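[1] Test case, fold it:
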Amino acid sequence: MYIVKLISTALVLAAMLGACSRDEEPEGVIPAGYQSAVDKAEDVEGKLEDALRARTQEIDDSEG
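    Numbering: from 1, shown residues only. Down below sits the predicted model:
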């Protein structure tokens, strides 16, 4: 009887560990919703850099 309990316990634990260790396909490092926000932030950053370059050029042109 002891061996039956031991074997059934071992089988249950093996099944539980097997279920937990399944590899799922990751979407990527950043989830899609966050990636969209990152893309928008990069667009805004680019626009700000362009505006800064334009303003710097205006200042340089007015000084010289």
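[2] what's the neighbour count on residue 35?
    13 (other CB atoms under 10 Å). C-beta: built from backbone N, CA, C; applies to glycine.
[3] Please verify my assumption that it contacts residue 29.
    No. Counting by CB atoms under 8 Å, residue 35 stays clear of residue 29, with 9.1 Å between them.
[4] Okay, now the unreliable bits of the chain?
    For the chain, applying pLDDT under 70 flags the ranges 19-27.
[5] And the helices in it?
    Under the criterion DSSP state H, helices of the chain are mapped to 2-20, 32-63.
[6] Would you enumerate the residues in contact with residue 41?
    Contacts here follow CB atoms under 8 Å, 6 or more residues apart in numbering; on that basis residue 41 touches nothing.
[7] how much space between it and residue 56?
    Separation of residue 41 from residue 56 (CB to CB, to the nearest Å): 22 Å.
[8] Next one: the residue nearest the centre of the chain from residue 38, what distance?
    Nearest residue to the geometric centre of the chain (CA atoms, centre = their mean): residue 30, 1.8 Å. Residue 30 sits 7 Å away from residue 38, going by CB to CB.
[9] likewise residue 61?
    Residue 61 is 35 Å from residue 38, where distance means CB to CB.
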